[in-house]
Structures are given as structure tokens and as C-alpha cells.
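# Okay, here's the prediction I keep looking at, along with the sequence it came from:
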Amino acid sequence: MIKLDNVSKSFSNKGQKIKVLSNFNLKIKCGEMISIMGRSGSGKSTLLNIIAGLEKIDEGKYIFNNEKLSSKGPAELAVFRREKIGFILQNYPLIDTKNVIENVALPLQYGKASKKEALKQAKKMLANLDISYLENKSVDTLSGGEAQRVGIARALIKDPEVILADEPTGSLDEDTEKEILDLLVHLNNQGKTMVIVTHDSSVAEKCKSKYKIENGRCIKGEAN
Ligand SMILES: Nc1ncnc2c1ncn2[C@@H]1O[C@H](COP(=O)(O)OP(=O)(O)OP(=O)(O)O)[C@@H](O)[C@H]1O
């Protein structure tokens, strides 16, 4: 369903060209859970941004469900992102003037849903993730693990096909990391395609396919 075919991507920085990905190939099947490792600066976040349609590629093809996304313009890519992609980040930027349920409801309110409908859906999502007790909490009172669950609820509220997670457990202690990982595995078992960028090999071990970015290319690790 996700296919990157001979992709190249460079950035220009102060007149200097930085080649990040070159002849980069990757196929991710629907419902797969994969990890992406690689040293700092190897291009992991760039890859997630390309999959999300936030970064254009220089050469090659990006295919999503038989659609050539690399030929689409910014407006079409924004629609694609809104409908298909959920992002989970290390420190999810929750809005601290809104409480937990309002934060989770927000992506629906940016769409067509009324506030009442959005809050109803958010309530359901919090219940699905067993965090109804956080509903009315102010986000600045949440622990790291609680904030991450709320971030996950917000990423899931529009029922995206693909979850892109950039260091989802990076700032958590060992026990909380395990709980969040179990939640990601659970979501994958429910059919979500997951792409997890991580520095942590214990996170990568949870994934059925493991990859590493090295010298701009994608290298497959041994199967679990
Ligand atoms: N918008 C940009 N403009 C210029 N250079 C960029 C831009 N985005 C990324 N880069 C450069 O591209 C390279 C890859 O960056 P990227 O953030 O994808 O790496 P990463 O593997 O995610 O790193 P880390 O593990 O440290 O987060 C780096 O050298 C970075 O400085």
C-alpha cells in the first residue's frame, strides 16, 4: 500500500546541498507494523514527512494505495494527510488552554463536525484507550505517559489508515514505555498500519519488520 520507489531527497542549507535519501526503496503492506532506525541525521523524520505528504521528493515515485502521491499538489496532499495519516510524536504538542477531551476532539472540529459531535467522538476514543478518567483534566497536569496516551487518542480520532510515530516512547520511563508499546501493538492488531521511528532496539523488536536508514538507503533487518 505504501511504496517508495527509487526516491531521492536533498535539502539546501546555506548554499550547501545535503543529500538525505538516495535510491531509497521501501514497501509497507496494509496492516504492517515496521520500525525505522538509523543514526541521528540519517533521514528518519524526513522519511515520515515524505510518507505524510509534508515533504516532496526530488526523484522517484511515492505510491499510496495505487495513487501516485509524488505527482500531487499541496492541496491534494493536505486532504490526503487529513484523511489517511495520524502522527504520534515524542512530546505531542497538546494545547494547554484546552482540557484533555477538547484536545482529542480538535481534529474533528477542524473538519466538518460540530463541537457537540466532536466531543462525543472524543469521549468514545478516550474510553477505547481506557483513559476516560483523564477527560476533564488540564493537559499541564498530565504525566508523560498520560500525555502520550492523549496524543495517541488525538492521532486516532479521525480513524487514519496509517500511524506515523516519531520516537513515541523517547521521553518515557521503562514501565510506561512498555505500556505505550503494548498500546501501539494493540492498535496494529486492530488493523492500523504503523511506521515507528526509534533509537530504541526494544521498540524495534516489537515490529514485524525492521529497517535501518544508512547512507540514504533503506536496509532491511532480520525478521522477528
Ligand atoms: N527542512 C530542512 N532544511 C534543511 N535541512 C534539513 C531539513 N530537514 C532535515 N534536514 C537535514 O536532513 C538530514 C536528515 O534529517 P532528519 O531529521 O530526517 O534526520 P533523523 O534521522 O530524523 O535525525 P534524528 O534522529 O536526530 O531526529 C539532517 O542533516 C538535517 O539537518
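Now that the structure is in, tell me what you want to look at.

# When you work out contacts or count neighbours from here on, use the C-alpha atoms and nothing else.
Will do.

# can you give me the helices in this structure?
All helices of the chain, identified by DSSP state H, fall at 44-51, 74-84, 100-110, 115-128, 144-156, 174-189, 201-205.

# helices or strands up against the fourth one?
In this structure, helix 115-128 packs against helix 100-110, helix 144-156, with contacts taken as 3 or more C-alpha pairs under 8 Å, 6 or more residues apart in numbering; DSSP states H and E.

# now for the first one, which elements pack on it?
Using 3+ C-alpha pairs under 8 Å, 6+ apart as the contact test, the elements touching helix 100-110 are helix 115-128, helix 144-156.

# So which of those helices has the densest surroundings on average?
helix 144-156 (a mean of 23; mean count of other C-alpha atoms under 10 Å).

# which stretches of the protein have low pLDDT?
Residue ranges of the chain with pLDDT under 70: 222-224.

# hmm, 50 instead?
Per-residue confidence of the chain (counting by pLDDT under 50) places the weak regions at 224.

# contacting residues for Asn6?
Listed by C-alpha atoms under 8 Å, 6 or more residues apart in numbering, the contact set of Asn6 reads Ser22, Asn23, Phe24, Asn25, Glu59, Gly60, Lys61.

# From those, list just the buried residues.
Applying a neighbour-count criterion of 16 or more other C-alpha atoms under 10 Å, the buried members of these are Ser22, Phe24, Asn25, Glu59, Gly60, Lys61.

# ok so, going back, and the helices and strands packed on helix 100-110 as a markdown table, adding distance to the ligand?
Putting the helices and strands packed on helix 100-110 into a markdown table (distance: least, C-alpha to the nearest ligand atom, whole Å) gives the following:
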| stretch | distance to the ligand |
| --- | --- |
| helix 115-128 | 29 |
| helix 144-156 | 18 |
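
# got CSV for the ones you listed, with distance to Gly41 too?
Formatted as CSV, the entries for the helices and strands packed on helix 100-110 read as follows, by distance: least, C-alpha to C-alpha, whole Å:
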stretch, distance to Gly41
helix 115-128, 35
helix 144-156, 24
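
# Contact residues of the protein facing the ligand?
Applying the criterion C-alpha under 6 Å from any ligand atom, the portion of the chain that neighbours the ligand consists of Phe11, Ser12, Asn13, Val20, Arg39, Ser40, Gly41, Ser42, Gly43, Lys44, Ser45, Thr46.

# distance of the closest residue to the second one other than its chain neighbours from Asn215?
This points to Ser12. Closest residue to Ser12 apart from its sequence neighbours, by C-alpha to C-alpha, 6 or more residues apart in numbering: Ile18 at 6.0 Å. Taking C-alpha to C-alpha, to the nearest Å as the measure, Ile18 and Asn215 are separated by 12 Å.

# Next: Ile196.
Distance from Ile196 to Asn215, counting by C-alpha to C-alpha: 19 Å.
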